[in-house]
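Q: please work out how this folds:
(3 chains)
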Amino acid sequence: MNSTQHSELLDNIIRGTSLWEDALYRLRQNKLAMIGMVYLIFMVIICLLTPWIAPYGYEEQNLRLGAVPPNAEHWLGTDTFGRDMLTRILYGGRLSLLVGFIATAVALVIGVTYGAIAGYAGGKTDNVMMRLVDIFYALPYMIFIILLMVVFGRNLLLLFLAIGAVEWLVMARIVRGQIQSLRQQEYVEAAMSLGLSPAAIIIKHLIPNALGPVIVYTTLTIPNVMLLEAFLSFLGLGIQPPQSSWGVLISYGVETMEEYPWLLIFPGLVLTLTLFALNFLGDGLRDALDPKASKD
Amino acid sequence: MWRFIGFRVLQAIPVILSVITVTFFLVRAAPGGPFDTEKAVSEQVRAVLEARYQLDLPLHEQYLSYLGDLFKGDMGPSFYYPGRSVNDLIFQGLPITAELGFYALVFALFIGSLAGVFAALKPNSAQDYVPMSIAMVGICMPSFLLGPLLVLVFGIWLDVMPISGWGNSPGDKVLPSITLGAMYAAYIARLSRSGMLEVMNQDYLRTARAKGLPEHVVVLKHALRGGLLPVISYLGPAFAALLSGSFVVETVFQIPGLGRFYIQAAFNRDYTMILGTTVFLSTLIVVFNLLSDIVAAWLNPRLRYQFRN
Amino acid sequence: MSLLSVDNLSVHFHTRNGIVRAVDGISFNVEAGKTFAIIGESGSGKSVACYSILGLVPMPPGRFESGQVMFQGQDLLSLSEKELRKVRGKGISIIFQDPMTTLNPFLKIGDQLIEPLRQHFGMDKKQAWQKGIEILEEVGIKNAAQRMNAWPFEFSGGMRQRVVIAMALVTEPEIIIADEPTTALDVTVQAQILKLLKELQERRNIGVIFISHDLSVVSDIADEIAVMQSGVFVEKGNCDSIFNAPQHEYTRKLLAAVPSEQKIHSYDADEVLIRVEDVSVEFAGAKGLETIKAVSNVSIDIRKEEILGLVGESGSGKSTLGRTILRLLEPSSGKVIYDGRNISHYSSSQMKPLRRQVQMIFQDPYASLNPRMTVYDTLAEPLLLHRICSKKELDETVFALMDSVGLARESVLRYPHEFSGGQRQRIAIGRAIATKPSFIVADEPVSALDVTIQAQILDLLLKLVEEYHLTMLFISHDLGVVRYLSDRIVVMHDGKLVETGSVEDVFDNPSQEYTRSLLNAIPGKTLLSTEQVQSTGDF
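A: Here you go, the predicted structure:
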């Protein structure tokens, strides 16, 4: 605003609260979601810094020590090779979170693009595109991921792609539904009657209003993806030693749980807490961004 | 209604056919044949073996002959277990997996919808928070963690439950069923809660109360049908998820079911077995999705009416 | 002895943001065979007052602060939930507003209808079913025995409301609370339902509490009227005294908001701005269904600087026609000629320069504004798009626009959800006139608003029409509003044009049967005539 003339008025102007600010306020009020967010930020930071802050080296063995329960030197104990569990959990977290974020990003990109195109195109294009999604959706994707891992070997990139490729379906459906219902909103019609170009309508009117559910669903996809990775790793079909993830650690812990229960309990606890945090944050975001949908 | 069912069945056929095709070529595209493993086989033996399993034919002929056999219900011999057919193996594992899945689903449906409906009756109270927090744990605690933990606590520390097997000792079916069902119980609880909350806000419930109906009639007769509809629609996908979940549970509890065979086949590169199981399970899942859609449609009087006319 | 006597009833809501005095010390009596009407705008507390009597208001957050409600010798407020249930649906029944949502879609009509009988009289199913058939016949549903087995969605809105009424009557209650029972219905259906209610009331000597926002509807049926504002009765009296000698300022404001028969706009140009020639609009039906013809073979002329009222009930195709004229839809056949140019099949880029000249105002101001854009962004969008002003002048132009639609400049950076319905409609109007258009389609611009706000917005529209020399197509289902505003009227029914003519011709001398039935259905004849007498007296 050119403030010279309006300086007096500008003092009186009431700054409105946008829906985003409203949502942020509601999110801040939600204690569980905030705890989840703080936990996640903390987790991401220490996993990023692992190579510098980990108390021991990743491959550092101490065969003479063997498996010992938690103590002052090894806060979370050691495994049968005498490797520090805290260090291993931190390194495992790097991979687990990485898979979670990257595979979700893959799902996000494919899903949003596909859904937006189908939703905006409408008509026959939409019909064909969504029927295809229906067909994919009816497939037993778990079996296919296992199949892919078996056929093409267990490589990390393929894992990202495979998980991302199954998770995009729901995202595409959500985005398409959003775009479809937004297109029928009167403010989009109003924008059309003003003579706005389709690109401007998409950028100014459709995307900002479709963003909420996408953010929510993205947050809820990450825990799904991490579960899937852990599941595959547990079966021995995901991440392979010497690389490790929480799923690998849990799988290893299960084998030795009778004698050394801490090898199962600590990685299990970290995974569960992280999934908790993501789900609480996701639920909190949904309540904050779409207060009507939570219905209470 | 019949037209709807017919339409959906017609829709399912190309899905199953594409599953078969994709799986077939994926498996064939896998690097390394089934006889590359462990012991080296002489050229002669390999040729004999390949002829026996028709691997010497061109790919499209293999495909067609596989399709033909499949149509007759024959999924071919196992590559790994000589002399045994894939059919044998599948039907050996199937009853066990089906039984496990059934118990888990019943457990999940019963506990899940009960908890969800209860929570929805008094939203934002202890009656809501307690079951929903437990449900959240159920969702965040994967079966491969829950199973071992249950084994550790009840099987080893307390020593009150058998820790493995299926039908060998009394009570050995309890832990696997709970492990498998827990996550779905949690999902169903959340689904039925949100479904019920949605319905509880509808005007027609106010109408029912204004008639002077007691609250239990309002809930049971007027709210439940609409509120549990999402749960019915979820049953199809839940079934598919239960099957893949059984892979883990069968591994943890050493149950000789279909899932364990599948995982073993994956490790053993038993291609015919992988192919057969994939096709079989996919068909099963598609059929169950179909059934749950039909039930959901049938429960919705509006759809039912449209189909009748 | 009154059937029901409410004395000093107060219901407050204790919320986190403080106490809301929804109902604050109201008293009234309901007599057998009489109708007691409560008039109020949204949020006045009229529904809370009636629902709380039957324990249908959630408590907490609600709480009775004071009051006594005597019915059949007992104080309803002192009854337990279990005792109250014996009153609900038996002694006092409720007819709710929206018949599309008040019936359970998962249960057959018959099952829902006989529920109160089974509950309150313990009738066996067969007996109750028989009674249900009788009552359905009484409310005018044909083939009642078969219809008992039908699902709610098989009925039209009006028929559903008949079922709802039957459901309320089936236990032969002494009192019926009718909460806006006709608001969601078309005018002609509204007239039928009101007539039915009146007949049933007389036949059975029932006391009715009639809740409404619509003075004209109430004027036809009420014996006594209470005007409610912010939880209190600001005025109470019989029909005559309320309409002819209103005491309270708010009552006078409400009365003034009823559009009079006085015509207030006139034009004198004969030049045609828009010519619609034999236009049909078809929509492809769902798979397997035939195409739906929303508009068929309509021809009208819209003359420069006139306000043309387009009247029709829901499904008449009036909105579709409006959107086709603006070329938001493409006509399937026929021509739309704007200022001599045939724009029927213009592409969106061809239309763009024209978009500056033709604009639209929508019905629902909650839906027609992008919730994530401030007033500034909303108003600046058309200004920048059509280069109405330079970037430098933008602020000043936006402020000037806000002035002319009556919005405070201070609120320029606020978002739509921070405004009331009326203010939002002002923003939407501001957006429509931003480009200084010559033609505006106003699609039910006031039907989502409270009556007093309606009057303000109509006056604003009129002011703008004069100021900007606008031509306007005013679409509405409300004949009163159309008559108030328009120069000429077009009546549509089932996608076809029924009648065109000047306001006087159509209202005083309708040539078509449908128009006559529409006119007969207008509620508040008494109100209009008394008011006319009054206003002529004033002049």
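
Q: from here on, just use CA atoms for contacts and neighbour counts.
A: OK.

Q: enumerate the residues of the stretch 151-300 of chain B near chain A.
A: Residues of the stretch 151-300 of chain B lying near chain A by C-alpha under 8 Å from any C-alpha of the partner chain: B:152, B:156, B:194, B:197-198, B:240-241, B:244, B:248, B:263, B:266-267, B:269, B:274, B:278, B:281-282, B:285-286, B:289.

Q: mind showing which ranges of the chain have poor pLDDT?
A: Reading this off chain A. A:1-12, A:138-140, A:154, A:290-296 (pLDDT under 70).

Q: actually it's chain B I care about, not the one you picked
A: Looking along chain B with the criterion set at pLDDT under 70, you get B:1, B:30-42, B:46, B:49-50, B:52-56, B:302-309.

Q: near chain C, which residues of it are found?
A: So chain B meets chain C at B:202-207, B:209-214, B:222, B:225-226, B:300-302 (C-alpha under 8 Å from any C-alpha).

Q: now, these that are in strands?
A: Among the residues of chain B next to chain C, DSSP state E puts none in strands.

Q: any quick PyMOL command for the buried ones out of the residues of the stretch 151-300 of chain B next to chain A?
A: Typed into PyMOL, the line below selects the buried ones among these, using 16 or more other C-alpha atoms under 10 Å in any protein chain shown:
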select buried, chain B and resi 152+156+194+197+198+240+241+244+248+263+266+269+274+278+281+282+285+286+289
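
Q: circling back: out of the residues of chain B next to chain C, which end up buried?
A: B:202-207, B:209-213, B:222, B:225-226, B:300-302.

Q: keep only those of those residues that are in helices.
A: B:203, B:204, B:205, B:206, B:207, B:209, B:210, B:225, B:226, B:301, B:302 (DSSP state H).

Q: burial count for residue B:91?
A: 12 (other C-alpha atoms under 10 Å in any protein chain shown).

Q: so what's the backbone phi/psi at it?
A: Per-residue torsions, residue B:91: phi -80, psi -10 (degrees, to the nearest 10).

Q: any idea how far it lies from chain C?
A: 41 Å (C-alpha to the nearest C-alpha, to the nearest Å).

Q: got it, and residue A:23?
A: 12 Å.

Q: in contact with that residue, which residues?
A: A:285, A:288, A:289 (C-alpha atoms under 8 Å, 6 or more residues apart in numbering or on different chains).

Q: what kind of secondary structure is the residue nearest to the first one when sequence neighbours are not counted in?
A: Closest residue to residue A:285 in three dimensions, ignoring its sequence neighbours and counting by C-alpha to C-alpha, 6 or more residues apart in numbering or on different chains: residue A:216, at 5.9 Å. Under the three-state scheme (DSSP: H, G, I helix; E, B strand; the rest coil), the conformation of residue A:216 reads as helix.

Q: contacting residues for residue A:216?
A: Contacts of residue A:216 (C-alpha under 8 Å, 6+ apart): A:282, A:283, A:285, A:286.

Q: separation between it and residue A:284?
A: Look at residue A:216 and residue A:284: by C-alpha to C-alpha, to the nearest Å, they are 9 Å apart.

Q: what do you get for residue A:141?
A: For residue A:141 relative to residue A:284 (C-alpha to C-alpha), the value is 29 Å.

Q: before we move on, what about residue A:233?
A: 29 Å.

Q: neighbour count winner among these two?
A: residue A:284 (26 against 23).

Q: wait, a helix at the more buried one?
A: Yes. Residue A:284: assigned to a helix according to three-state DSSP.

Q: wait, doesn't it sit right on residue A:33?
A: Yes. Residue A:284 is within contact range of residue A:33, at 5.2 Å (criterion: C-alpha atoms under 8 Å).

Q: joint contacts of those two?
A: With C-alpha under 8 Å, 6+ apart as the test, residue A:284 and residue A:33 both reach residue A:27.

Q: how close does the closest residue to residue C:168 other than its chain neighbours sit to chain A?
A: Spatial nearest neighbour of residue C:168, chain neighbours left out: residue C:93 (5.1 Å); criterion: C-alpha to C-alpha, 6+ apart. To chain A, residue C:93 is 28 Å away according to C-alpha to the nearest C-alpha.

Q: residue C:93: what's it in contact with?
A: Here residue C:93 is in contact with B:210, B:211, C:168, C:169, C:173, C:175, C:176, C:177 (criterion: C-alpha under 8 Å, 6+ apart).

Q: read off the pLDDT value for the third one.
A: The pLDDT attached to residue C:168 in the predicted structure is 89.

Q: residues in contact with the helix or strand where it lies?
A: Here residue C:168 sits within helix C:157-169, counting by DSSP states H and E. Residues outside helix C:157-169 that contact it (C-alpha under 8 Å, 6+ apart) are B:211, C:89, C:93-96, C:99-100, C:102-103, C:109, C:112-114, C:116, C:135-136, C:138-141, C:152, C:176, C:181, C:185, C:189-190, C:193.
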